[in-house]
Structure formats: C-alpha cells, structure tokens
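**Q** Sequence plus predicted model, see below.
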There are 2 protein chains.
Amino acid sequence: MHALGMHLLVELRNCNSKVLNDLKKVEEILVAAAKAAKATIIKTHFHKFSPFGISGVVVIAESHLAVHTWPEYGYAAVDIFTCGDTLKPEIAANSLIEKFNSKQPSIIEVKRGVLSTKGNVKLPHKATKGDPDAYARAKELQMVP
Amino acid sequence: MHALGMHLLVELRNCNSKVLNDLKKVEEILVAAAKAAKATIIKTHFHKFSPFGISGVVVIAESHLAVHTWPEYGYAAVDIFTCGDTLKPEIAANSLIEKFNSKQPSIIEVKRGVLSTKGNVKLPHKATKGDPDAYARAKELQMVP
C-alpha cells in the first residue's frame, strides 16, 4: 500500500559506549548518515545529559532523524522518518549501524500516512495540478492560487 | 517487558487542514502537548515547506516530539518518544488529537530499548549506584568517578 512517509525504527544494541557518550561524534555520525542517504539538512540540535546520554535531531527537508543514546547500556534508539521518492533511509540506517559499531542491530519499517486502502493508489508527495483531487482540496483551502 | 523508552506513533487523519498549514499554530499545539504531559522543553524547531506542509521537532529532556503535516490530505504524523517514569505520553497524544481536530486518529505504542527478555527486569533510566552492573560498566568507561 502506498504511504506518505516511511519510518525506520532502528534499535542499536551492543554499540561502542564511548562513541554513544561523545556529543561531537554522535552529531557527526547522524549528519553523515543523513548525507549518505541524500537528505537535505535544514537544522541539527544535539544535547548531552548528566551524567551521560545524548539526544539529537536532524531536521531534513524530507522529515527527520532522531537519536537517543544510553551509553551505560551500549544502546541507542534511532528514528529515520522520510518522505518522497529520492531519499534512501536504509542507507542512513546502515551507516549508523556501522559507525556506532552495533553488534546487535534491528530495524522495524513502518509506513506512515496510509490514507487509501483501495488498491495501491500512489498519492503524490505534494499535491500538484497533476493530482486533481488533492489540488482541488488545496485550492478550496486557499493554499494555492 | 521493561523498556528504556516508550514511543507513540500517532496517525492523525481527517484533521483541520487550515491548522495543519499554520506554522505558528502547529508549534503552539506541539508545545502545549509536551507541557500537558509534563515534559521539560529544551528546544523547538519548526519549518514550513512550499507550497504547504510543516515539519517540527520539540526536543525534551525526556526525548522528543516530532510532527510532519500534509494539509492537502488533512493528515499529520506525530511521534512522541519518552523515557523515564514521570512523563505521560498519552496525555500529549490526546491533546494533539483534540487540537488538530482529528476525526480518525490512531496510535501505535512501541517499546524501545527492550534490553532484557529474562523476566520483567526494570532497568533504571540512568545508571546509578543502585544498579551495580550498569554502574560498573559506566565506571569502566570512565563515565562516572
């Protein structure tokens, strides 16, 4: 079924704990993963907690990446949420697995925004004149001229 | 089973499209949801796309909230990722459903960081001296004195 968004829930177990507790490295790794997947980075924000643990988000034109690390457990939770056809989230996931040196990774893939169950109707990522229904709705809402 | 994080994947269908396309309102609604759930807000970032659609993240001390809206489809994808025992993510979810006026919401609850399958062992949110194993590991990594 077609979905507006693709969301990877990445569980990174048995990682390198020192890397998980290094603010600069965690940010570098997330940014590199986003770039490897051809994402357009809009903004990043990373924060270190006391006594340890890092949270970070990378806002991309195609949605977002988020990470939360628990160095004391060698664990990081990563989300890779993407939309559109050009970005390859699995490339970002593989980059993260490698750089955090996770020896026990797992990924759940979730489709977000499955708006039609009537066959495999593909909704355009953004409504355009090529999609009359969505365009009409957008026009009615005065979102387009 | 005990998990380090709790993640709600909130699908908001049939929302008020005008609200979904209003940058200020979307940010207000997400911030209000985080506050209603007793989250500690660290940083927010919201971005409007052309011709429409908004992405936003609220970084909280207990992890994050993220939203992506498709006004032309009346749809928003929201993630509420929390850790610790004090925050109630379901309160945030209900606040969002109400304020986006979603007539067809759904929620998937995912446990993140299930590190032990041997019974219902509760891992402390942050390793302390009360949790000798994690504390010893943290000490080995020179994360604590």
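**A** Arrived safely, thanks for sending. Numbers count the residues shown, from 1 in each chain, chains lettered A, B, ... in the order given.

**Q** give me the low-pLDDT residue ranges for chain A?
**A** Applying pLDDT under 70 to chain A picks out residues A:118-145.

**Q** where along it do the strands fall?
**A** Shown for chain A, the strands assigned by DSSP state E span residues A:5-13, A:41-48, A:54-60, A:63-70, A:75-83, A:104-112.

**Q** can you give me the angle the fifth one makes with strand A:5-13?
**A** When you say that, I think you mean strand A:75-83. 170 degrees (axes from the mean of the first three to the mean of the last three C-alpha atoms, to 10 degrees).

**Q** excluding its backbone neighbours, what's nearest A:Lys48?
**A** A:Leu23 (4.6 Å; C-beta to C-beta, 6 or more residues apart in numbering or on different chains). All C-beta spots, glycine's among them, are computed from the backbone N, C-alpha and C.

**Q** That neighbour - how many residues pack around it?
**A** If you count neighbours by other C-beta atoms under 10 Å in any protein chain shown, A:Leu23 ends up with 13.

**Q** The spatially most central residue of chain A and chain B: what is the separation?
**A** Note on chain A: the residue nearest the mean C-alpha position is A:Ile80, at 1.9 Å, using C-alpha atoms, centre = their mean. Distance of A:Ile80 to chain B, given as C-beta to the nearest C-beta, to the nearest Å: 11 Å.

**Q** repeat for A:Lys88
**A** 18 Å.

**Q** what about that residue, neighbour count?
**A** By other C-beta under 10 Å, neighbour count at A:Lys88 equals 15.

**Q** residues contacting it?
**A** Going by C-beta atoms under 8 Å, 6 or more residues apart in numbering or on different chains, A:Lys88 touches A:37-38.

**Q** do you know how far it is from A:Glu27?
**A** 21 Å (C-beta to C-beta, to the nearest Å).

**Q** so what's the residue nearest to A:Lys48 up against?
**A** For A:Leu23, the contact set (C-beta under 8 Å, 6+ apart) comprises A:46, A:48, A:54.

**Q** Any idea how far apart the tips of stretch A:14-29 sit?
**A** 17 Å (C-alpha to C-alpha, to the nearest Å).

**Q** now do stretch A:66-84
**A** Span of stretch A:66-84 from end to end, C-alpha to C-alpha: 18 Å.

**Q** buried sites along the longest helix anywhere in chain A?
**A** When chain A is parsed with DSSP state H, its longest helix is helix A:23-36. Within helix A:23-36, the residues scored as buried using 16 or more other C-beta atoms under 10 Å in any protein chain shown are A:25-27, A:29-31, A:33-35.

**Q** ok, now how distant is the residue nearest to the centre of chain A from B:His68?
**A** 13 Å.

**Q** ok, now A:Ser50?
**A** From A:Ser50 across to B:His68, the span is 31 Å (C-beta to C-beta).

**Q** check contacts around A:Leu12.
**A** A:75-78, A:96-97, A:100, A:102, A:105.

**Q** Report the beta-bridge partners for it.
**A** On the basis of DSSP bridges, A:Leu12 is bridged to A:Ala76, A:Pro105.

**Q** can you check A:Ile41 too?
**A** With DSSP bridges as the rule, A:Ile41 is bridged to A:Ile60.

**Q** you'd agree it is up against A:Lys35?
**A** Yes: in terms of C-beta atoms under 8 Å, A:Ile41 counts as a neighbour of A:Lys35; the distance is 7.2 Å.

**Q** Count the neighbours of A:His45 for me.
**A** The number of residues near A:His45, taken as other C-beta under 10 Å, comes to 18.

**Q** leaving aside the residues next to it on the chain, what's closest to A:Lys25?
**A** Spatially, and ignoring its direct neighbours in sequence, A:Lys25 is nearest to A:Val19 (5.3 Å; C-beta to C-beta, 6+ apart).

**Q** I should have written A:Val110 there, sorry.
**A** Spatial nearest neighbour of A:Val110, chain neighbours left out: A:His7 (4.5 Å); criterion: C-beta to C-beta, 6+ apart.
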